[in-house]
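A.B. asks: After the sequence you'll find the predicted model.
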Amino acid sequence: MTYILAIDQGTTSTRAILFDGDMQVAAVAQEEFPQHYPNAGWVEHDPEDLWSTTLSTCRKVLSDKGISASDIAGIGITNQRETTVVWDKSTGRAIHNAIVWQDRRTAEICEVLRDEGHEDVVRDTTGLLLDPYFSGTKVKWILDTVEGARSRAKAGELLFGTIDSFLIWRLTGGQAHVTDATNAARTLMYDIKSGAWSNEICAMLDVPQAMLPEVLDCAADFGTTVEDHFGGAIPILGVAGDQQAATVGQTCFQPGMMKSTYGTGCFALLNTGDTPVLSKNRMLTTIAYQLDGKPTYALEGSIFIAGAAVQWLRDGLGIIGKASESGVLADRADPTQDVILVPAFTGLGAPYWEPDCRGGMFGLTRNSGPAEFARAALQSVAYQTRDLWEAMRADWEGDANVTLRVDGGMSASDWAMQSLSDTLGAAVDRPVMQETTALGAAWLAGMKAGVYPDQNGFAATWALDREFTPMLDAGRREEAYARWKRAVQAVIGV
Ligand SMILES: Nc1ncnc2c1ncn2[C@@H]1O[C@H](COP(=O)(O)OP(=O)(O)O)[C@@H](O)[C@H]1O
Ligand SMILES: O=P(O)(O)OC[C@H](O)CO
């Protein structure tokens, strides 16, 4: 039996998922690692934790399954995006902790660049906004802050990478300094139309191009692991940022197809084909995947709080014991109350991009209690998705497929998915395969290795677990959504 090993290096944990020759999950290992919050709004990871959990989870699935490196046809890597590492080329050691995508320390740098009038060139070149979310200003901060770093970077002694790039450097024993087009597209330094690092933006950020990785397709030869790591050499053949890997895993290969992943946050991607669509509604333009040198573009909407609202019910309010109880509790809510939660716990992402506003609860009565709070939390995820849905459909002039494919931990909630369909007024499809992100990375590697089907063959394997269809009449749906919009305006105004 031939296997493909997928590495999913996420924000809170690292997972290794072994897929068999039929693209079924054969073994999984997962390890969490510490989050570091050295200042308000700062989030860091120790790169050594990311590396050690990658090694140990991969070794664990191999030993659990009793297989060796020679049984693995290829490795596919998918990763938390935008998170930034700068390391010393000669030692392989990072010169600063990884600055995580959630980290807001570069807000001021972004503001200065905006004031200097750089926003338009950034949008036109990278498809992104001048927001601390992306890697560019994080690299700049490290080069500005760590003594001597900029001149060492110019001399080619320091390297920059997103997490995929850092892991590949380590896995290949420093042989390969590479990334893929989807990760490059999140750095704020990559020209998504010409497929090259942007001279203008690198100069704007004062980031020497000598430190940037080579950008490859998502299915490519990224290098080979040194024998010591897994007792034999394994080729790395697939790489994609985690939201793009989920888009691939959901086989959203046709323009107009859309997926939404509900983890801690929610990230929706709409395939726009071979044309990058510049949003008029504050969505991001990004690369969904790149195969055979041809990028396929997407519009992306990023919401920072989705499953995290359920975590708040559990850990903040203590009204549920585990996430799966949220739907049961929401079902008991008084249907005559219209309690609305705007979960702007860390500001609002797309389409509002309001980093400084905070959450609010509206419509409380003396009878409002845990059930109404649970319902409001789950509905808030549906309303936020509707915001993205509206914005993307307004931007996208092609035929938008009216079905949304969902995945991620929170998509397990039937209550939340029904509410989503009611709020969108559209069908919501949940696949049988829960591991869409890892599958996306595995398919890229397996297809490159010649052991998995081609794009069409892979798309044909997508199987429906359950389709949710709207059960709410249009009048009530629109009334409820209008209330949500007013509530959002209220929190922005406070
Ligand atoms: N049955 C459920 N109902 C509602 N929310 C859920 C359910 N199961 C998991 N979640 C939420 O999904 C999130 C975990 O999803 P996951 O895809 O593992 O996220 P991440 O990769 O961001 O850690 C948690 O925030 C949790 O609250
Ligand atoms: O690690 P996740 O699943 O929270 O995903 C993080 C995203 O890639 C951030 O853009």
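C.D. replies: Nice, I can see it. Just so you know, these numbers come straight off a predicted model, no measurement behind them. Ligands and ions are numbered 1, 2, ... in the order given.
A.B. asks: After the longest strand along the chain, which helix or strand is next? Please name it.
C.D. replies: Counting by DSSP state E, the longest strand found in the chain is strand 294-303. Next in sequence after strand 294-303, counting helices and strands by DSSP states H and E, comes helix 307-311.
A.B. asks: Show residues contacting whichever helix or strand comes after that next one.
C.D. replies: Heading C-terminal from helix 307-311, the first helix or strand you meet, by DSSP H and E, is helix 325-331. Helix 325-331 has contacts (CB atoms under 8 Å, 6 or more residues apart in numbering) with 310, 313-314, 319-320, 370-371, 374-375, 377-378, 413-416. C-beta: built from backbone N, CA, C; applies to glycine.
A.B. asks: what's Gly318 in contact with, if anything?
C.D. replies: Gly318 touches nothing, counting by CB under 8 Å, 6+ apart.
A.B. asks: and what of Gly359?
C.D. replies: For Gly359, the contact set (CB under 8 Å, 6+ apart) comprises 341-345, 491.
A.B. asks: Up against ligand 1, what does this structure have?
C.D. replies: Neighbours of ligand 1 within the chain, by CB under 6 Å from any ligand atom: 10, 12, 263-264, 307-308, 310-311, 323-324, 326-327, 408-410, 412-413, 416.
A.B. asks: Could you tell me which of those count as buried?
C.D. replies: 10, 263-264, 307-308, 310-311, 323, 326-327, 408-410, 412-413, 416 (16 or more other CB atoms under 10 Å).
A.B. asks: Least confident of those?
C.D. replies: Lowest pLDDT within these is found at Thr264 (86).
A.B. asks: excluding its backbone neighbours, what's nearest it?
C.D. replies: Leaving aside its chain neighbours, Thr264 sits nearest to Ala308 (4.9 Å; criterion: CB to CB, 6 or more residues apart in numbering).
A.B. asks: List the residues that contact whichever residue of the stretch 351-494 of the chain sits closest to ligand 1.
C.D. replies: Going by CB to the nearest ligand atom, ligand 1 is nearest to Gly409 of the stretch 351-494 of the chain, at 2.0 Å. Gly409 is in contact with 262-263, 307, 323, counting by CB under 8 Å, 6+ apart.
A.B. asks: Which strand residues bridge Leu270?
C.D. replies: When assigned by DSSP bridges, Leu270 has beta-bridge partners Met258, Leu299.
A.B. asks: got a pLDDT number for it?
C.D. replies: In this model, Leu270 carries a pLDDT of 94.
A.B. asks: which ones are touching it?
C.D. replies: Leu270 touches 256-258, 298-300, 392, 396, 400, counting by CB under 8 Å, 6+ apart.
A.B. asks: From these, which shows the smallest pLDDT?
C.D. replies: Ala400 (61).
A.B. asks: Specify the angle between the longest helix that the chain contains and strand 294-303 in degrees.
C.D. replies: Looking across the chain with DSSP state H, the single longest helix is helix 370-395. Comparing the axes of helix 370-395 and strand 294-303 via axes from the mean of the first three to the mean of the last three CA atoms, to 10 degrees yields an angle of 140 degrees.
A.B. asks: Determine how far the next helix or strand after helix 370-395 lies from the middle of the whole chain.
C.D. replies: On the C-terminal side of helix 370-395, the closest following helix or strand by DSSP H and E is strand 404-407. How far strand 404-407 lies from its chain's middle: 14 Å, per CA atoms, centre = their mean, to the nearest Å.
A.B. asks: Could I get the average pLDDT for strand 404-407?
C.D. replies: Mean predicted confidence for strand 404-407 is 95.
A.B. asks: for stretch 128-146, same thing?
C.D. replies: Averaging pLDDT along stretch 128-146 yields 95.
A.B. asks: returning to that earlier point: which of the residues in the longest helix of the chain are buried?
C.D. replies: Buried residues in helix 370-395, counting neighbours by 16+ other CB under 10 Å, are found at 370-393, 395.
A.B. asks: Tell me which other helices or strands it touches.
C.D. replies: Applying 3 or more CB pairs under 8 Å, 6 or more residues apart in numbering; DSSP states H and E, we find helix 370-395 packed against strand 258-262, strand 266-273, strand 294-303, helix 307-311, helix 325-331, strand 340-342, helix 414-424, helix 474-493.
A.B. asks: ok so, going back, and ligand 2, which of the residues of the chain next to ligand 1 reach it?
C.D. replies: For ligand 2, the contacts drawn from the residues of the chain next to ligand 1 by CB under 6 Å from any ligand atom are 10, 263-264.
A.B. asks: circling back to that earlier point, so which of the contacts of helix 325-331 would you say is closest to ligand 2?
C.D. replies: Closest to ligand 2 out of those is Val310 (14.4 Å), distances taken as CB to the nearest ligand atom.
A.B. asks: That closest one contacts Met410, correct?
C.D. replies: Yes. Counting by CB atoms under 8 Å, Val310 does reach Met410; the two are 6.6 Å apart.
A.B. asks: Please enumerate the shared neighbours of those two.
C.D. replies: Residues touching both Val310 and Met410 (CB under 8 Å, 6+ apart) are Ala323.
A.B. asks: SS state for Ala16?
C.D. replies: Following DSSP: H, G, I helix; E, B strand; the rest coil, Ala16 is assigned to strand.
A.B. asks: Going through the contacts of Gly359, which ones are buried?
C.D. replies: Buried members of the contacts of Gly359, scored by 16+ other CB under 10 Å, are 341-344, 491.
A.B. asks: ok, the residues you listed vs Asp473, which is closest?
C.D. replies: Closest approach between the buried ones among the contacts of Gly359 and Asp473, by CB to CB: Leu341, at 23.2 Å.
A.B. asks: Dig out what the closest one forms beta bridges with.
C.D. replies: For Leu341, the beta-bridge partners under DSSP bridges are Met361.
A.B. asks: ok, of the buried ones among the contacts of Gly359, which one's closest to ligand 1?
C.D. replies: Once CB to the nearest ligand atom is applied, the member of these that ends up nearest ligand 1 is Pro343, at 11.6 Å.
A.B. asks: what's the distance between the closest one and Gly307?
C.D. replies: Separation of Pro343 from Gly307 (CB to CB, to the nearest Å) stands at 11 Å.
A.B. asks: do the same with Asp191
C.D. replies: 34 Å.
A.B. asks: what do you get for Cys110?
C.D. replies: Here the distance between Cys110 and Gly307 works out to 27 Å (CB to CB).
A.B. asks: same question, Thr365
C.D. replies: Applying CB to CB to Thr365 and Gly307 gives a distance of 27 Å.
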